[in-house]
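Asker: sequence unavailable; structure follows:
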């Protein structure tokens, strides 16, 4: 046991001190934060730019429809006889000038035109379009001369907003949204996929390095081969968990700092919410509320459980492969089916997002080779506890069996040089005394 | 003198072939033991079994009076044929790591390493990465890590392959010094000259079996051809015409002849007869070199094998 500890120390510190590891660990959270916040920040800064629109209303009927908003102000200009000249003089005032002409009844071709020396901001066009369309529709409706038509239409047009409430006996109602939960699940499954694959192959690289360096023979003359293998697998897992915790810590602090500075987190407390309230909330607030409704401690815990289980499963297979082959190229042939299996897990996870309780999701939650990824997708939705328990038992049980098998192959493989072994050879190694 | 290692009836089978077929060797304590044999004879497999790296299918290894167990790994220093260390790791750090795996505490390891690094003049490289060192220096590091924990048994697999003459000489000196301190040394080699120089006893393995075992003197005496003698005469003297000369060499004004003595003639009679014809500077029996013995034993077996396959 003492020797495994010495091995873990070396394997861990060598990897932690690597420049590539330090850079990736520190830069990644900034990269993620940038990907999330830069578009939001750009969108917000764009909307804050106010826009003044001069309205030349020849018809004299519609100008009043356009009310000022936070960033769009409308200035009505009395039309003169020489419309073209008037347009030109207004447009030459500034590069950002926008002129709206209303020449005819709405609905007729060329009735509404927007002029500007530069590109007209999308939200201005959208706003005008929305207002005038509504007016046009109302005009046409009243042309039918039906009594109380406006009231009828209002009734028909009532905005529909579905709020899903996740009911929990202890915590009461929390806002949930299948869409947002799906996105969170997908991110988690991608993360676990990345972690297992990259740290699994890190184990393989380490094993192959020792074999091709020939240091392995010195090592196994001091420690038993299983100690060397376990030491490496445990150390790499710790490296992965270190990275995960640093990322989690940095992301949480980055998001809270950036979130506050962008005013995203000014959300009313989630308690005592009524469906009616949420319906009126802006989308970003709903997003944050759904996030608040999720149990992050539980999710983080299960993430670590599934990462460790899935990692042990795949890393020990990779260790056996690394021990069996002599060259990098040879490893590809053995890696291929394993990686394909894992990619299948990722696709199964993506499809499970549509139907988190469907048969595909259910079965793949129990197969140990797919369960770490698929369960991450299902995690933000509630999963019956027995399913989680069964899937974890199956995962760890299979991992234990595979670790035993791999350590038998590893033990013989690391001392075998020469021709590339076949799968049959490797199975024979398992039975060697 | 007791035997430090006794391997008995060792059998090791791999998928296609039997690497060791009822092999038994006895390594006397405090001596240098040479394990000889052509490539693929099974030397490395036997060494790995004694090292507790692999387990034999049959047979037993007795280590210092008890059956070999995992704890004995601490009492063995092993220099494998294919040398290797972590290339990217710093030399000192690496040596401490390997020493700790052999059961030394970090403090002890550092203290002892300092002694050895200074002895071998590589102290300035302590903080360098291994890959920055020359091959000769890497081999010195490797040797140090093998002997650092002062194991009673040292196993060197082909220790002289890859060493330059200067380092090989250094290594020979160290091996003899270690023997004098009471360490038991087992080494496998193709280098027969070093066997005569270093080994007290040997075992020759061929085709998975021990074909020859004993001390170097008894083995050479056993294989000596009684008819062959070495006669040294002055360069100026003529070679007696009735002498059956097998080989003749001249060096430093002496002629060294390998001659075949007629059967039935005693040494004294032979000397008297030759002495009448020429001056004799020296007369000696001719012991076969280990190389000759190796070639004879291994070569004969190969011939036999060829014959059986032809039939």
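Answerer: Here it is on my side, so go on. In this text, all values refer to a predicted model and were calculated from it rather than measured experimentally.
Asker: from now on I want contacts and neighbour counts done on CA atoms only, so please keep to that.
Answerer: OK.
Asker: for chain B, what spans make up the strands?
Answerer: Ranges of strands in chain B, per DSSP state E, are B:3-13, B:18-28, B:32-36, B:58-63, B:66-67, B:76-79, B:153-157, B:184-189, B:201-206, B:209-215, B:228-234, B:244-251, B:254-260, B:282-285.
Asker: and what of chain A?
Answerer: A:51-57, A:72-77, A:98-102, A:112-115, A:164-168, A:172-176.
Asker: what's the pLDDT at residue A:266?
Answerer: pLDDT recorded at residue A:266 is 43.
Asker: try the one 10 residues further on
Answerer: In the predicted model, residue A:276 carries a pLDDT score of 40.
Asker: over to residue A:405?
Answerer: pLDDT at residue A:405 comes out at 95.
Asker: count of residues packed around it?
Answerer: Residues lying near residue A:405 (other CA atoms under 10 Å in any protein chain shown) number 18.
Asker: how many neighbours does the closest residue to it other than its chain neighbours have?
Answerer: What sits nearest to residue A:405 in space, not counting adjacent residues and going by CA to CA, 6 or more residues apart in numbering or on different chains, is residue A:430, at 6.7 Å. Counted with other CA under 10 Å, the neighbours of residue A:430 add up to 18.
Asker: which residues touch residue A:430?
Answerer: Under the criterion of CA atoms under 8 Å, 6 or more residues apart in numbering or on different chains, the neighbours of residue A:430 are A:405, A:408-409.
Asker: same thing with residue B:143?
Answerer: By CA under 8 Å, 6+ apart, the contact list for residue B:143 reads residue B:79.
Asker: same question for residue B:218.
Answerer: Counting by CA under 8 Å, 6+ apart, residue B:218 has no contacts.
Asker: now do stretch B:226-237, average pLDDT.
Answerer: 82.
Asker: how about stretch A:27-43?
Answerer: 81.
Asker: repeat that for stretch B:11-22.
Answerer: Mean predicted confidence for stretch B:11-22 is 87.
Asker: tell me which residues are up against that stretch.
Answerer: So stretch B:11-22 is contacted by A:425, A:428, B:8-10, B:23, B:41-42, B:45-46, B:56-59, B:207-209 (CA under 8 Å, 6+ apart).
Asker: show me which of those residues are buried.
Answerer: Buried members of these, counted by 16 or more other CA atoms under 10 Å in any protein chain shown: B:8-10, B:23, B:41-42, B:45-46, B:56, B:58-59, B:207-209.
Asker: distance to chain A added to these, as TSV?
Answerer: Compiled in TSV, the buried ones among the contacts of stretch B:11-22 are given as follows (distance: CA to the nearest CA, whole Å):
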residue	distance to chain A
B:8	18
B:9	16
B:10	13
B:23	18
B:41	16
B:42	14
B:45	10
B:46	13
B:56	8
B:58	10
B:59	13
B:207	19
B:208	18
B:209	21
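Asker: show me the shaky parts of chain A.
Answerer: A:1, A:44-49, A:157-178, A:259-294 (pLDDT under 70).
Asker: and the residue most central in space within it, how far is that from residue A:342?
Answerer: Residue closest to the average C-alpha location in chain A (CA atoms, centre = their mean): residue A:187, at 3.4 Å. As for residue A:187, its distance to residue A:342 is 16 Å (criterion: CA to CA, to the nearest Å).
Asker: what's the residue in chain B that chain A sits nearest to sitting at in phi/psi?
Answerer: With CA to the nearest CA as the measure, residue B:84 is the residue of chain B nearest to chain A, at 4.4 Å. Main-chain torsions, residue B:84, degrees, to the nearest 10: phi -170, psi 140.
Asker: now for it: which residues touch it?
Answerer: Residue B:84 neighbours (CA under 8 Å, 6+ apart): A:213-216, A:218, B:142.
Asker: hmm, 7 Å instead?
Answerer: Counting by CA atoms under 7 Å, 6 or more residues apart in numbering or on different chains, residue B:84 touches A:213-215.
Asker: same question for residue A:91.
Answerer: Taking CA under 7 Å, 6+ apart, we find residue A:91 in contact with A:97-98, A:116-117.
Asker: let me have those residues in a markdown table, extended by neighbour count and distance to residue A:66.
Answerer: Compiled in a markdown table, these are given as follows (neighbours: other CA atoms under 10 Å in any protein chain shown; distance: CA to CA, whole Å):
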| residue | neighbour count | distance to residue A:66 |
| --- | --- | --- |
| A:97 | 18 | 17 |
| A:98 | 25 | 14 |
| A:116 | 19 | 18 |
| A:117 | 13 | 22 |
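Asker: okay, those residues in JSON lines with distance to residue B:154 next?
Answerer: Listed next are the contacts of residue A:91 as JSON lines, based on distance: CA to CA, whole Å:
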{"residue": "A:97", "distance to residue B:154": "91"}
{"residue": "A:98", "distance to residue B:154": "92"}
{"residue": "A:116", "distance to residue B:154": "91"}
{"residue": "A:117", "distance to residue B:154": "89"}
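Asker: closest one of those to residue A:417?
Answerer: Among the contacts of residue A:91, residue A:117 lies closest to residue A:417 (CA to CA), at 74.5 Å.
Asker: what's the closest non-adjacent residue to that closest one?
Answerer: Residue nearest to residue A:117 in three dimensions, not counting chain neighbours: residue A:95, with 5.8 Å by CA to CA, 6+ apart.
Asker: pLDDT weak spots in chain B?
Answerer: For chain B (pLDDT under 70), the answer is B:1, B:301-311.
Asker: any chance of a markdown table for the strands of chain B, columns distance to residue A:108?
Answerer: Shown next, in a markdown table, are the strands of chain B (distance: least, CA to CA, whole Å):
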| stretch | distance to residue A:108 |
| --- | --- |
| strand B:3-13 | 95 |
| strand B:18-28 | 97 |
| strand B:32-36 | 105 |
| strand B:58-63 | 101 |
| strand B:66-67 | 104 |
| strand B:76-79 | 95 |
| strand B:153-157 | 97 |
| strand B:184-189 | 102 |
| strand B:201-206 | 105 |
| strand B:209-215 | 105 |
| strand B:228-234 | 127 |
| strand B:244-251 | 123 |
| strand B:254-260 | 126 |
| strand B:282-285 | 128 |
